Structure formats: C-alpha cells, structure tokens
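Chemist: sharing a sequence plus its predicted fold:
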Amino acid sequence: MTMSAGWYLRRLSRMGPREVAGRAGDAVRRRRWRSAPPDCPVVTGARFTAVLPAGTIAAVPPDAAKRLVAEADRLMDGHAEYFGVVRDDLADPDWSYDPRTGRRAPRDYAFDVPYRNEDAVGDIKQIWELSRHQYLTVLAAAYAITGNERYAERVAGHLRSWWAANPPLRGVHWTSGIELGIRLLSWVWIRRLLDGWSGAAALFEGDPVALHQIWHHQRWLAAFPSRGSSANNHVIAEAAGQFAAACAFDWFPASGRWRADALRSLERHLRGNTFLSGLNRELASEYHGLVLELGLAAVAEADAAGVPVPATVRLVLLRMTDALAAVVDNRLRPPRQGDADDGYGLVVDGAGTDRWGSLLATGDAVFGRLPWWPAVTGTDVRTPLLAALIKRTEPSVRRPADRPAHFADAGLTVLRGPEEIWCRCDGGPHGFLSIAAHAHADALSVEVRHDGVDVLADPGTYCYHGQPEWRQYFRSTLGHNTLQLDGGDQSVSGGPFLWTRHATSRVLVADTSGEGVARWCAEHDGYRPSVHRRRVELTPSERELKVVDEVRGPRRAVRLAFHLGPAITAELVGNRARLSWTRDGEDRSAVLVLPGELSWRAHRGETEPPLGWYSAGFGRKEPTTTLVGTGVADGVRGFTTVLTFRG
C-alpha cells in the first residue's frame, strides 16, 4: 500500500503543533544522517553483570522446560510459522525476504525504504517479525536449561549473520522504533541466557560489531521517538528496549543519559497508555498484553541493575494485571477487541504455553494474587525468570475486593452467567489518541462466549498492510456484532491506522451486581443526527441474553450483524437460528431468535465484498457464519434479539 497525498494531509490534520515541529526535526536529522551518520565511540573493558540469580533455571517447571526444548528443536530444524505462513528456511534465513509474497526488501538507506508499499518491499510484518529475534531468545533459553551448546552456537551464528546483513541505517530493519526496541530487549535476554556459555562474552561485549549495533540501536531510539498521535504501544516498546539495553549494556558514555531518558518516557507513557482502571487505552487486548510484558521486562532490568523505578510504574503494571484477571473468561481468554497482531514483548516459552495464564502467573509472583482471581493451572518459563529479577513489593494502594465487571473509564462491561456464560459489552471511546490507530468501528458491539467458545464472536484483525479490502472489513461496523446505518461505518476511516471522525459512546446503565438480571445500556452518536442505543440483559436463571437495539432519528436503512464463532454450526429458518457446537466432547446448543422486522440471511466466506470471516490470529482467516438482517429503522420500533443457551 502506497500512501497518497490525501492520506498525508489527513494524517497531518490529526497532529498538534508540537508533534509537527518534532517530526520536522526528525526529517532534518534523517537527511543529515544520510551523509554524516553518528559514530560509535570506542568501548573498552565492557562486562556483562546482569545475570540471573543462582538457582533460577532450576525453578523452571519441567513441563514448561519440555515445551521450550521441543520448540527450540523445531527452530534448529529450520521450521517456524509466522502469521499463518510456514517457514522452513530458519537454519539460514534471508533477513530481507518475505515468504508470503516472495519479495525481498531493498537494502537502501533506511529512511528511503517505502516499507508500507507491499509491491516494493513485501509484507513488512513477515520481514520484521523474524528480526525481532524472539526465536533466538527461545534458543538461548533452551541452552540455559539444557546446557547444550548447539543452541548457543546457532544463536551466535544468526546474530552475526544479522549484524553483517543489516549495518546501521541500511534496510527495513532500521525504519521502525518498535522493532529496534523489541530487538534490543531480545539481545539483553539472549546475553543473559547464554551467560554460562564460553562464547557469550566474545559474541557481545568482546565483539566490536556487536557493540556497534547495540550503540546504534540506542542512538536511533534516542533520536526518533514515536511522537504525539503515534505515542501508543510503539513508544512503550521503544522506551522499554532502550531502558533495558542502557541497564544491561551500560558500556557507553551516553548509557546513563539514555537510561534516565528512557525511564522518564516509560513512566510517562505507561500512565498515558493506561486507564486508571488498569485497561489499556487502545482498547485492544493484545496490546494490553504487549504493554504489560514490556513493562514487566523493564522493571526486571531496573531491579537487576539496582536502578530505582518510580512507584507509578509498578502501580500501573499492578492495575493492568488486576484488570486482566478481571476481564478474562473461564478459559483465561481476554476480549477480542480492537487490533491484534500477535506481538509479544519477551518470548522464552514453547508452543502450547498460554500467554494470559503466563501473565497472571507473573502477576501472582510479583504482586500477589487476589482471592477473586481465576485459577492458573498452566506453567511457563518466563515467570520464574522475571520473578528472579523483580523485587516483590507490597502494593501501597487498595486493590479491588471483588472482581470488577464494569470499567467506566474504558467503557467495557462484562456480564457473567451460569455455565460460564461471558458477555462483553462495548460502550467505550473509539480509540486512543487523535488517530485511534488500532481501533475498530465497533461501538456497542457485544461478544458472547459459552465455556470459552466464541458464540457471538469478534471476527479479529487478520492484516494491516497490503490488503486494503480485508483491513477495511475486519475493522468495519459490519464486521462486528452491532448495527450499521445507511451502509457506512460509525467512525470515518482516513487510512489503515487513521480515523478522522470518532463516534462518541456513553454507558447509561451498567448493573452487574450479580443478583437477578444483569443489565447494560449504552448509546453512540456515530450516525448523527440519529442515535443508536442498545440494551443488553442477561437473565442467569433462564440462561438467556436479550439485546434490544433502538435508532432514534430519521428513517434510515439498517443492517444488524451477528458473527458466529468458527466452532458454531447454524441452521437459519426465517428469523430463528439453531446454534450447535462441541466442547470437550460434549454437544452444546443455543437458539438465537432474531428481530422479525428485518429480513435475515446467512453469509459465509464471501469475498466480493468480504463477509463471514474469522481471524484467530494475525495473517490467518477462516470462513464462519455471519447472520445479517436488513430493513429500515423508522425511529419508533426497536429490534429485539434473544439468545438462549440449552442444556
């Protein structure tokens, strides 16, 4: 995708004067660095001291270690899968190659590379992901657990290959700060996990090429921070990576300044990116997880280096952990809300490790679990590693005595019923900052699960660049369980990560007391002059969920969509759908009675235009059933939908 002149004007309109001035300064610096790049100072006597405490590796649960080693062995054989694409070339990877399109990114001056243009570069996510070097942290962890030097030698070979192929300021791997930040964090952990290997010092502090790379990564991040309307999860990754490197690799004259600046940025932006309730302001669960992982990793580096951290940093991470514990369903799955790109902060675990269970386990180790937290039965490698470095401190604030269900600042409400009925209601802000980059046009949408199975599903994200029709669909109003008027979205898109007009929602009722019927009601103004109001009622004794939609305003064409999860089979007759699925070998069913005022049709796997799809993860999609009712909203009648779960 090549960005048009119109996009640049729309993007400029969402910036303030300070951001414009900062970006102008960045442009000047990029031009200057083309002919006069900064020079790395000479470093002597560098030593790595941020090692794991004795006994840490022995605390890794055996089953978690087994999964890790199995994953490492797959990587050693050259096999991995990224965003739905299977790769068999990891024994000797081409760092500029995109396996999805077959293209190779140019190795020009970094700021000349049009990384958003898939025709010129390839799928940038595919190219970037491998170079986050998180598969190398897995191999390094396998060495730490087994002592088998073949893992360490593979890591060393790949790092030296990457450093040779990607000199400072050349190619796509020097274009995005989040990539540099996460890569630095990976390098810190690789050095830590390889500490028992005889070649570790020669690979890092004893190699001028490695020192050159580490310095230039930090110099880049110091020069080009994400600014203003882009200061979302990217700036957290930049600050966390910069801070981690400046703590663990404190070998340069500027290390102290970089460390202090990064910590200030991290503290400021952790607060800025997080509601007081603890939910991430991007209202995208996977970015909540990413930011929490990055924050915990940064605190681990601070404590390992003896660097004091403002109390607000730990407080934000505590609140984020409690909020995560509050919103997950009985299978520890958080809402599928907003964008998701399978991004992780620190990876040292094998396939089959539950990300959300791992984060809650770390939260328990660092902050202590509350009585209402859901049980975590799985194990992981990352928790004992982080817990060995992070100093456990008793929280100085009052934590929730009961499990929160309504997060007023985020507009997120969870209704819970018997047999693990879980319903998320969305009445929050459209997104974060002026561009709301990772938001979807999903105001008043609902997401319903039964024992962890998606029944009324949020379809997900699927892609970012290169496939505009799919990007548009997965973030559209029609792509969510809500109501669309006159064929348009509630909020106006100006590009794949840009919204130029945001619908405003407000929650009117949120009664989640747990006694009798749970009620929620909210409205939004995205279809001015009309107002869409939705009421949701969960009656536990009847195992019934009722959704009532009202449109107040002039007569308008309406489409009401309900997206079923991929495990659900639907039989639609008139306005009545029988839903069935299997969970753990048991047959389950429900009946969905749809508004009779609308004409209903089932859609599945359609492409022109897209409709009836579910994306379980970035780069992956599969057909599923979407029920769409069409008709007219006359400003008088409401539309009532009733979902009843059967025994």
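Modeler: Everything's here; your move.
Chemist: what's the distance between G241 and W220?
Modeler: When distances are taken as Cβ to Cβ, to the nearest Å, G241 and W220 turn out to be 11 Å apart. For the C-beta atoms, the positions are set from N, CA and C on the backbone; glycine is no exception.
Chemist: please apply the same query to L508.
Modeler: When Cβ to Cβ is applied, the distance between L508 and W220 equals 48 Å.
Chemist: before we move on, the earlier item: mutual contacts of G241 and W220, please.
Modeler: Listed contacts common to G241 and W220 are L180; contacts here mean Cβ atoms under 8 Å, 6 or more residues apart in numbering.
Chemist: these two - which one has more neighbours?
Modeler: Set side by side, G241 and W220 give different neighbour counts by other Cβ atoms under 10 Å, the larger being at G241 (31 against 22).
Chemist: which SSE is the closest residue to A567 other than its chain neighbours in?
Modeler: Setting aside the residues directly before and after it, A567 is nearest to W581 in space (Cβ to Cβ, 6 or more residues apart in numbering), at 4.6 Å. Element membership for W581, per DSSP states H and E: strand 576-583.
Chemist: off-centre distance for that strand?
Modeler: 30 Å (Cα atoms, centre = their mean, to the nearest Å).
Chemist: ok, and what's touching it?
Modeler: Surrounding strand 576-583, the residues in contact under the criterion Cβ under 8 Å, 6+ apart are 450-453, 455, 564-565, 567-571, 587-594, 602, 627.
Chemist: same thing but 7 Å
Modeler: By Cβ atoms under 7 Å, 6 or more residues apart in numbering, the residues outside strand 576-583 that reach it are 451, 453, 455, 564, 567-571, 587-594, 627.
Chemist: partner strands of it, parallel or antiparallel?
Modeler: strand 569-573 (antiparallel), strand 586-593 (antiparallel) (DSSP bridges).
Chemist: turn the ones you listed into a markdown table, columns for distance to A156, mean pLDDT and mean neighbour count.
Modeler: Shown next, in a markdown table, are the strands paired with strand 576-583 (distance: least, Cβ to Cβ, whole Å; pLDDT from 0 to 100; neighbours: other Cβ atoms under 10 Å):
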| stretch | distance to A156 | mean pLDDT | mean neighbour count |
| --- | --- | --- | --- |
| strand 569-573 | 51 | 98 | 13 |
| strand 586-593 | 50 | 96 | 16 |
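Chemist: need the three-state assignment for W95.
Modeler: Assigned with DSSP: H, G, I helix; E, B strand; the rest coil, W95 falls in the coil class.
Chemist: need the pLDDT of it.
Modeler: The model reports W95 with a pLDDT of 98.
Chemist: which other residues reach the strand or helix carrying R264?
Modeler: Under the criterion DSSP H and E, the helix or strand holding R264 is helix 255-272. Applying Cβ under 7 Å, 6+ apart, the contact partners of helix 255-272 are 218, 222, 225, 231, 235-236, 239-240, 242-243, 246-247, 295, 298, 307, 310, 312-313, 316.
Chemist: roughly how far does G343 sit from A50?
Modeler: If you go by Cβ to Cβ, the gap between G343 and A50 works out to 24 Å.
Chemist: equivalent analysis for T626, please.
Modeler: When Cβ to Cβ is the yardstick, T626 and A50 sit 51 Å from each other.
Chemist: same check on V235?
Modeler: For V235, the distance to A50 under the criterion Cβ to Cβ works out to 24 Å.
Chemist: please apply the same query to V507.
Modeler: When distance is defined by Cβ to Cβ, V507 is 45 Å away from A50.
Chemist: repeat that for R104.
Modeler: Computed as Cβ to Cβ, the R104 to A50 distance reads 36 Å.
Chemist: what sits against H79?
Modeler: Contacts for H79 were tallied using Cβ under 7 Å, 6+ apart; they are D88, L90.
Chemist: so what does it look like in phi/psi?
Modeler: When quoted as degrees, to the nearest 10, the phi and psi of H79 stand at phi -110, psi 140.
Chemist: begin at 458, not 1, for the rest of this chat.
Modeler: All right, first residue 458 from here; so that's H536.
Chemist: measure stretch 538-558 end to end?
Modeler: Across its full length, stretch 538-558 reaches 15 Å end to end, with Cα to Cα, to the nearest Å as the criterion.
Chemist: one more: stretch 983-998?
Modeler: So stretch 983-998: terminal residues 35 Å apart, Cα to Cα.
Chemist: next one: stretch 935-946
Modeler: Start and end residues of stretch 935-946 are separated by 8 Å (Cα to Cα).
Chemist: buried ones in the helix or strand containing V993?
Modeler: Under the criterion DSSP H and E, the helix or strand holding V993 is strand 988-996. When neighbours are counted by 16 or more other Cβ atoms under 10 Å, the buried residues of strand 988-996 are found to be H989, R990, R991, R992, V993, E994, L995, T996.
Chemist: the second one and E1007 touch, don't they?
Modeler: Yes: judged on Cβ atoms under 7 Å, R990 makes contact with E1007 at a distance of 4.6 Å.
Chemist: list the contacts of P550.
Modeler: Contact criterion Cβ under 7 Å, 6+ apart gives L587 as the residues in contact with P550.
Chemist: next structured bit after the helix or strand of the chain with the lowest mean pLDDT?
Modeler: Among the secondary structure pieces of the chain, namely its helices and strands, helix 462-470 has the lowest mean (mean pLDDT, DSSP states H and E), a mean of 79. Tracing the chain C-terminally past helix 462-470 and defining elements by DSSP H and E, one meets helix 474-492 next.
Chemist: list the contacts of that next one.
Modeler: By Cβ under 7 Å, 6+ apart, the surrounding residues in contact with helix 474-492 are Y566, F568, L626, A680, F681, R684, G685, S686.
Chemist: could you check the angle helix 462-470 makes with that helix?
Modeler: Counting by axes from the mean of the first three to the mean of the last three Cα atoms, to 10 degrees, helix 474-492 lies at 120 degrees to helix 462-470.
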